[in-house]
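Student: okay, sequence plus prediction incoming.
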Amino acid sequence: MTNHNRYNQNHHWHEHYQNPQYRRISIEQAMDIAVRRVPGQVVKAELDYDDGMLVYEIDIRTADGYKYEVKVDATTGAILKVKLD
């Protein structure tokens, strides 16, 4: 691999929204925040770039079988949205 290609790959990762430098909270912290709001089992958790901001989308299945999606701001940890899926 040439130095130019290595630079491009590193630069791409540096600018990529999934680079940890752009997050203040971890996915584990986001799951904890979401479960405190909607008690249940996390069935899916992912980092996404939504409307110009980094958010964790956490899917939770409650004890009574309902599935909720909780969006948590990856920078502040604030809950942005809770919706029944």
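Tutor: Sure thing, it's come through. Numbering: from 1, shown residues only.

Student: quick one: low-confidence parts of the protein?
Tutor: 1-23 (pLDDT under 70).

Student: tell me which stretches of it form strands.
Tutor: 41-50, 53-61, 67-73, 79-84 (DSSP state E).

Student: and the second one, how far out from the chain's middle?
Tutor: Right, the one you point to is strand 53-61. Centroid separation for strand 53-61 versus its chain: 5 Å, with C-alpha atoms, centre = their mean, to the nearest Å.

Student: ok and it relative to strand 41-50, angle-wise?
Tutor: 160 degrees (axes from the mean of the first three to the mean of the last three C-alpha atoms, to 10 degrees).

Student: show me what counts as buried in strand 53-61.
Tutor: Going by neighbour count (16 or more other C-beta atoms under 10 Å), the buried part of strand 53-61 is 54, 55, 56, 57, 58, 59, 60, 61. For every residue, glycine as well, the C-beta is placed using N, CA and C.

Student: then the last one?
Tutor: Under the neighbour-count criterion of 16+ other C-beta under 10 Å, strand 79-84 has residue 79 buried.

Student: can you put the buried residues of strand 53-61 in a markdown table and add distance to residue 29?
Tutor: Below are the buried residues of strand 53-61 laid out as a markdown table (distance: C-beta to C-beta, whole Å):
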| residue | distance to residue 29 |
| --- | --- |
| 54 | 13 |
| 55 | 13 |
| 56 | 9 |
| 57 | 14 |
| 58 | 11 |
| 59 | 17 |
| 60 | 15 |
| 61 | 20 |
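
Student: what is the nearest of those to residue 67?
Tutor: Nearest to residue 67 among the buried residues of strand 53-61 is residue 61, at 5.2 Å by C-beta to C-beta.

Student: surely the closest one is in contact with residue 43?
Tutor: Yes: the pair residue 61 / residue 43 is scored as a contact, 5.1 Å apart, by C-beta atoms under 8 Å.

Student: mutual contacts of the two, please.
Tutor: residue 67 (C-beta atoms under 8 Å, 6 or more residues apart in numbering).

Student: considering the buried residues of strand 53-61, which is situated nearest to residue 35?
Tutor: Lowest distance from residue 35 to the buried residues of strand 53-61 (C-beta to C-beta) belongs to residue 60, with 6.5 Å.
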